[in-house]
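Student: next comes the sequence, and after it the predicted model I'd like to discuss.
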Amino acid sequence: MLNLAIECSGTSGSVTLADGLQEIAFQPLPSELGSVQTLAHTIANILGDNRVSAPQLISVTTGPGSFTGLRVGLSTAKMLALGWGVPIVGVDSLAAIALQSSATHLSQAKPTVVLAIMNAFRQQVFASAWMHTDSLTCLAASQVLEARVWQQAPDGWLDTEWTSSSPDFLVTGPGLQQYMPDLSKLNSGSVAPAHLWTPRASEVAVLGWQEFLAGRATSAAGLQANYVRGAAAEETIRSRSS
């Protein structure tokens, strides 16, 4: 079953074509141009190069991330899903980051908590937490935290009691470019290599396929972005009207 995966949570992004869990092709969007200019052309190229007229499933990141990038990715994915009459699956951007780091950097045998962050601007971060053993399990869904608070206690916001000894921790995500945490506050804390911080469509395809098998695909009309926090302009308008 062919799955077209789209990742546009940042200023650029990538596209993957997969058959189940088997990646057929991966193509990043040109980094010098935004997704508005390049996404449709990249999708056309990856389908054309592989002689695919239409996939049977679309997976796309729904947030958190760039408002512009997410809107471009979602509107494109939803329009294609409607045109092709195929189901669509939303994937958390930070889950894609956590999967990429855990799958390529960690021993599969040892439980590790993956802390993934993005810069949310306004001196805040989008943060989530995932337990990685032989699979990835969400401990805390994407939310907004004050960046300085997160830096000083990267796991302090988790409402989790460990049933045994504290797990190891791995921090990852593009937010580390601005906000590197105090690793001394974490048990066996480490930082994923920088090339693993940016989400990729490859992991979106994997997570989207898993969501589809779990029966969580939806229609284009039913899929919504998860911005986590409103845009600055929207919050300003609400504050003035209240």
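Tutor: Ah, there it is.

Student: list the contacts of the residue nearest the centre of the chain.
Tutor: Of all residues in the chain, the one closest to the mean position by Cα atoms, centre = their mean is S93, 1.4 Å from it. Contacts for S93 (Cβ atoms under 8 Å, 6 or more residues apart in numbering) come out as E7, S9, T61, T62, G63, P64, G65, M118, S142, P199. All C-beta atoms are positioned from the backbone trio N, CA, C, and that covers glycine.

Student: try 6 Å
Tutor: S93 is in contact with S9, T61, G63, P64, G65, P199, counting by Cβ atoms under 6 Å, 6 or more residues apart in numbering.

Student: P174 now?
Tutor: Residues in contact with P174, defined by Cβ under 6 Å, 6+ apart, are M118, W197, T198.

Student: excluding its backbone neighbours, what's nearest the last one?
Tutor: By that I understand T198. The shortest distance from T198 to any residue that is not its chain neighbour, by Cβ to Cβ, 6 or more residues apart in numbering, is 5.7 Å, and that residue is P174.

Student: so what touches the helix ranked longest in the chain?
Tutor: Using DSSP state H, we find that the single longest helix of the chain is helix 67-84. Where contact means Cβ under 6 Å, 6+ apart, the residues beyond helix 67-84 that reach it are 6, 8-10, 35-36, 39, 54, 58, 60, 63, 88, 220, 225, 231.

Student: of those residues, which is the most crowded?
Tutor: Counting neighbours by other Cβ atoms under 10 Å, C8 leads the contacts of helix 67-84 with 33 neighbours.

Student: could you report the neighbour count for the closest residue to Q152 other than its chain neighbours?
Tutor: Once flanking residues are discounted, Q152 sits nearest to D182: 5.9 Å by Cβ to Cβ, 6+ apart. Per other Cβ under 10 Å, the neighbour tally for D182 reads 12.

Student: next: W197.
Tutor: Counted by other Cβ under 10 Å, the residues lying close to W197 total 21.

Student: ok, now which ones touch it?
Tutor: For W197, the contacting residues are T172, G173, P174, taking Cβ under 6 Å, 6+ apart as the criterion.

Student: those in helices, which ones?
Tutor: Short answer: the contacts of W197 have none in helices (DSSP H).

Student: ok, so of those, who is nearest Q210?
Tutor: Lowest distance from Q210 to the contacts of W197 (Cβ to Cβ) belongs to T172, with 19.6 Å.

Student: wait, isn't the closest one in contact with A116?
Tutor: Yes: taking contact to mean Cβ atoms under 6 Å, the distance of 5.4 Å between T172 and A116 places them in contact.

Student: who has more neighbours out of those two?
Tutor: Just comparing T172 and A116: by other Cβ under 10 Å the higher neighbour count belongs to A116, 32 against 26.

Student: give me the element that one is part of.
Tutor: For A116, the enclosing helix or strand under DSSP states H and E is strand 112-121.

Student: buried residues in that strand?
Tutor: Residues of strand 112-121 classed as buried by neighbour count (16 or more other Cβ atoms under 10 Å): T112, V113, V114, L115, A116, I117, M118, N119, A120.
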